[in-house]
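Visitor: Generate coordinates for the sequence data below:
(one chain, ligands or ions: 1)
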Amino acid sequence: MLLLLQLVKIDIPEPPKATAADEIKAPKQVMALLKRSCYDCHSNTTKWPWYSDIAPISFEVRGHVKDGRTWLNFAIWNQYDEEKKQKRLKGIVKTIDIKMPLPSYIMAHPEANLNRDERESIKKWAQSQIKE
Ligand code: HEC
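Guide: From the prediction side, this is the model:
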C-alpha cells in the first residue's frame, strides 16, 4: 500500500510570477521572523524537506504549501489590492497567537516556533498596518 502510494504525485502549481517589488515590506526584525516561520508555506521560496517526497507525508506537506500559498503569499503581497491586504493583516493578528505556524509544522521544524515576544512583534507590526 505504502509503495503504491509513492506513485501518486501531487502537483503543486507553479508559484505565481513575482518581482522583488511584489514582496511584502516590513521592518527587518519582522521580516526575519516571517522568513523563519511562515515563508515555507506562505511564499514562493519553500524549502522542501526530504520527506516531502514520501507518501503519505508528501500529501500533507504539499497540501499545506498549496493552501498556504493560496491563502497568503508574502512574495506577491503587493499584487494584492488594499482590501485583500487588510483582510490578511487582520487574519495574521487573529492567528498569530495560536494557529500559525501550523502545530504539525513546528513539530518537524522546532526552529520555526515563535516565542511570545516574537509573536507579539509580528502582531504589533500587522496591527500598525491595519487602517481604521
Ligand atoms: C506548514 C505550513 C504553514 C506555515 C509554516 C504557516 N502557515 Fe499560515 N496557513 C497555512 C495553511 C495550510 C493555511 C490555510 C488555511 C488553514 O489551514 O487555516 C494558512 C492560513 C493562514 C492565514 C489565513 C487564516 C485566516 O483565517 O485568515 C494566515 C493569516 C496565516 N496562515 C498566517 C501565517 C503566519 C503569520 C505564519 C508564520 C508565523 C504562518 N501562517 C505559517 C499553512 C502554514
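Visitor: From now on I want contacts and neighbour counts done on CA atoms only, so please keep to that.
Guide: OK.
Visitor: The closest residue to Ser52 other than its chain neighbours is in what secondary structure piece?
Guide: Excluding its sequence neighbours, the residue lying closest to Ser52 (CA to CA, 6 or more residues apart in numbering) is Ser58, at 4.4 Å. Assigned by DSSP states H and E, Ser58 belongs to helix 57-71.
Visitor: do Tyr105 as well
Guide: Here Tyr105 is assigned to helix 103-108, by DSSP H and E.
Visitor: Against which helices or strands is the helix holding Ser58 packed?
Guide: Using 3 or more CA pairs under 8 Å, 6 or more residues apart in numbering; DSSP states H and E, no helix or strand is in contact with helix 57-71.
Visitor: buried sites along it?
Guide: Using 16 or more other CA atoms under 10 Å as the test for burial, helix 57-71 gives 58-59, 61-66, 68-69.
Visitor: Provide the contact partners of that helix at residue level.
Guide: If you take CA atoms under 8 Å, 6 or more residues apart in numbering as the criterion, helix 57-71 is touched by 10, 12-13, 40-44, 46, 51-52.
Visitor: Spell out which parts of this protein neighbour the ligand.
Guide: 34, 37-38, 40-41, 64-65, 67-68, 71, 88, 91-92, 95-96, 100-102, 105 (CA under 6 Å from any ligand atom).
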